[in-house]
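*Asks:* sequence-free structure coming up:
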């Protein structure tokens with residue numbers, strides 16, 4: 001049974017927080033109560049090409065008391081993993097050898113009393129920027145917590161699945177990943193929601209810390225139903241000689257506002273960003289990738305390719321900022337979008353902010369229709385029009401998708417592309 005809760009005032013929201021989260025530590029409760037105040041004081045995010053006021057986001061219930069019947073096949077264990085079903089724990093599995101080595105893998109709701117959670121949560125991605133960040137901080141229900149101690153010889157590879165069934169109206173999540181010095185972490189997130197007749201709000205916030213010499217590979221594929229209005233924010237802090245690599249596939253949601261950013265805070269830090277997206281029907285997709293070079297000899301490389309069909313719309317904004325004093329830094333970005341129909345639309349917006357002389361920075365961007373001459377040529381060789389377009393899409397996306405290092409995620413991205421072509 002799912003009981004939907006609507007909130008119409010600051011008092012109602014604060015009472016809901018006290019009732020639902022009163023068991024949490026006082027510091028967390030106070031933070032939630034402040035976020036409730038911020039929610040009613042702030043406006044919705046202001047996005048130049050994605051107006052939100054007409055979408056009536058405030059009418060979507062933000063919170064549910066839910067007791068889902070978790071299917072048995074969702075409880076099956078297949079590796080190091082954490083699975084959430086309507087924000088309730090379905091599976092968590094971590095080998096005893098990694099537990100003994102100091103690795104912690106838990107639902108964030110269960111890890112709230114751990115000292116690293118209090119120290120790190122919210123320190124990288126401050127809240128109270130707009131209504132979405134405020135409601136995330138006020139009402140987040142669960143998420144992933146992963147702590148990997150320094151100098152661990154074994155690579156920790158985690159599968160994280162966050163799933164909402166058709167009864168869910170809100171999926172509000174926080175994730176916290178901390179990789180100790182010289183350790184290596186691989187996390188693959190699968191974010192999905194069944195199609196449903198009523199709108200659902202998705203608000204996810206992820207913070208990743210890669211300490212000195214640590215390396216984090218974060219992969220994600222989002223395949224939510226078209227009823228979802230989604231807001232995803234991912235931020236990584238990269239320390240001395242550390243690295244965070246992003247491999248993101250965005251395919252679902254009627255509205256998705258998704259962004260990831262890397263703060264290269266110390267010398268030798270690096271980041272690589274690969275984004276693949278595909279919009280169909282009337283999807284509206286607004287993506288942002290940012291790299292902030294805050295120290296010397298830091299490197300970033302972001303690549304994005306997307307396909308739009310039907311009446312879908314995409315905006316991809318890339319930002320590379322090299323701050324004063326970040327000498328020897330190297331920042332590059334390239335964004336390309338292919339439009340398969342006259343009704344689709346795409347914007348690619350690269351930008352460089354350079355406050356230092358001794359650096360290298362470059363960007364390239366393009367958005368254009370499918371080459372009709374290429375389609376005609378392939379059809380003249382015996383292919384149908386659909387087969388010709390499929391071949392062109394594969395050729396366009398392959399140079400990017402094939403760079404995704406994890407085979408499982410790479411295969412899932414290709415399967416999602418196939419699904420969108422056939423949709």
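*Replies:* Here it is on my side, so go on. As the structure is a computational prediction, the values presented were derived from the model and not from experiment. Residues are numbered from 1 along each chain as shown.

*Asks:* Could you spell out the sheet neighbours of the host helix or strand of residue 257, each with its direction?
*Replies:* Assigned by DSSP states H and E, residue 257 belongs to strand 255-264. With DSSP bridges as the test, strand 255-264 is paired with strand 228-238 (parallel), strand 284-293 (parallel).

*Asks:* so how many other residues sit close to residue 373?
*Replies:* Taking other Cβ atoms under 10 Å as the criterion, the count of residues near residue 373 is 8. C-betas here are computed from N, CA, C, even on glycine.

*Asks:* Wasn't it part of a helix?
*Replies:* Yes - the assignment for residue 373, made by DSSP: H, G, I helix; E, B strand; the rest coil, places it in a helix.

*Asks:* Next one: it from residue 381, what distance?
*Replies:* According to Cβ to Cβ, to the nearest Å, residue 373 and residue 381 sit 13 Å apart.

*Asks:* same question, residue 106
*Replies:* Distance, residue 106 to residue 381, using Cβ to Cβ: 55 Å.

*Asks:* With neighbour numbers in mind, choose between these two.
*Replies:* Counted by other Cβ under 10 Å, residue 106 and residue 381 do not tie: residue 106 has more neighbours, with 19 against 7.

*Asks:* My read is that the more buried one contacts residue 158, right?
*Replies:* No - Residue 106 is not in contact with residue 158 according to Cβ atoms under 8 Å; the separation is 11.4 Å.

*Asks:* Report how many residues lie close to the closest residue to residue 94 other than its chain neighbours.
*Replies:* Counting by Cβ to Cβ, 6 or more residues apart in numbering, residue 94 lies nearest to residue 105, which is 4.4 Å off, once chain neighbours are set aside. Look at residue 105: counted by other Cβ under 10 Å, it has 22 neighbours.

*Asks:* Contact partners for residue 105?
*Replies:* 80, 82, 92, 94, 98, 144-146, 158 (Cβ atoms under 8 Å, 6 or more residues apart in numbering).

*Asks:* now, which of those sits nearest residue 274?
*Replies:* residue 158 (19.2 Å; Cβ to Cβ).

*Asks:* re earlier: what's across from the residue nearest to residue 94 in the sheet?
*Replies:* Under the criterion used here (DSSP bridges), residue 105 is bridged to residue 146.

*Asks:* all helices of the stretch 101-250 of the chain, in order?
*Replies:* 115-120, 131-139 (DSSP state H, counting those that start in this stretch).

*Asks:* Can you spell out which helices and strands pack onto the shortest one?
*Replies:* Just to be clear, that refers to helix 115-120. Helix 115-120 sits against strand 170-179, with contacts defined as 3 or more Cβ pairs under 8 Å, 6 or more residues apart in numbering; DSSP states H and E.

*Asks:* Could you do the longest one as well?
*Replies:* Under the contact criterion of 3+ Cβ pairs under 8 Å, 6+ apart, the helices and strands touching helix 131-139 comprise helix 10-21, helix 26-41, strand 170-179, strand 200-210, strand 228-238.

*Asks:* Could you double-check that residue 304 lies in contact with residue 287?
*Replies:* Yes - Residue 304 is within contact range of residue 287, at 7.1 Å (criterion: Cβ under 8 Å).

*Asks:* where does this structure have low pLDDT?
*Replies:* 1-6, 65-66, 127 (pLDDT under 70).

*Asks:* Contacts only, for the residue nearest the centre of it.
*Replies:* For the chain, residue 232 is the residue whose C-alpha lies nearest the centre (Cα atoms, centre = their mean; 4.9 Å). Shown in contact with residue 232 (Cβ under 8 Å, 6+ apart): 191, 202, 204, 206, 222, 256-259.

*Asks:* any idea how far residue 186 lies from residue 106?
*Replies:* Counting by Cβ to Cβ, the gap from residue 186 to residue 106 is 18 Å.

*Asks:* nope, residue 119 is what I was after
*Replies:* Taking Cβ to Cβ, one finds residue 119 at 16 Å from residue 106.

*Asks:* Residue 114 now?
*Replies:* 8 Å.

*Asks:* okay, and the common contacts of these two?
*Replies:* residue 145.

*Asks:* Check which residues of stretch 343-359 are buried.
*Replies:* 344-350, 352, 354, 356, 359 (16 or more other Cβ atoms under 10 Å).

*Asks:* what's the answer for stretch 96-106, then?
*Replies:* 98, 103-106.

*Asks:* Which other helices and strands does the helix or strand hosting residue 408 contact?
*Replies:* Assigned by DSSP H and E, residue 408 belongs to helix 407-422. Helices and strands touching helix 407-422, by 3+ Cβ pairs under 8 Å, 6+ apart, are strand 184-193, strand 215-224, strand 243-250, strand 270-279, helix 385-401.

*Asks:* among those, which is nearest residue 297?
*Replies:* strand 270-279 (9.3 Å).

*Asks:* Tell me what angle the closest one forms with strand 215-224.
*Replies:* 10 degrees (axes from the mean of the first three to the mean of the last three Cα atoms, to 10 degrees).

*Asks:* Adjacent strands (with direction) for strand 270-279?
*Replies:* Strand 270-279 is paired, per DSSP bridges, with strand 243-250 (parallel), strand 299-308 (parallel).

*Asks:* could I get those strands as TSV with distance to residue 406 and mean neighbour count?
*Replies:* Formatted as TSV, the strands paired with strand 270-279 follow (distance: least, Cβ to Cβ, whole Å; neighbours: other Cβ atoms under 10 Å):
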stretch	distance to residue 406	mean neighbour count
strand 243-250	7	25
strand 299-308	16	24
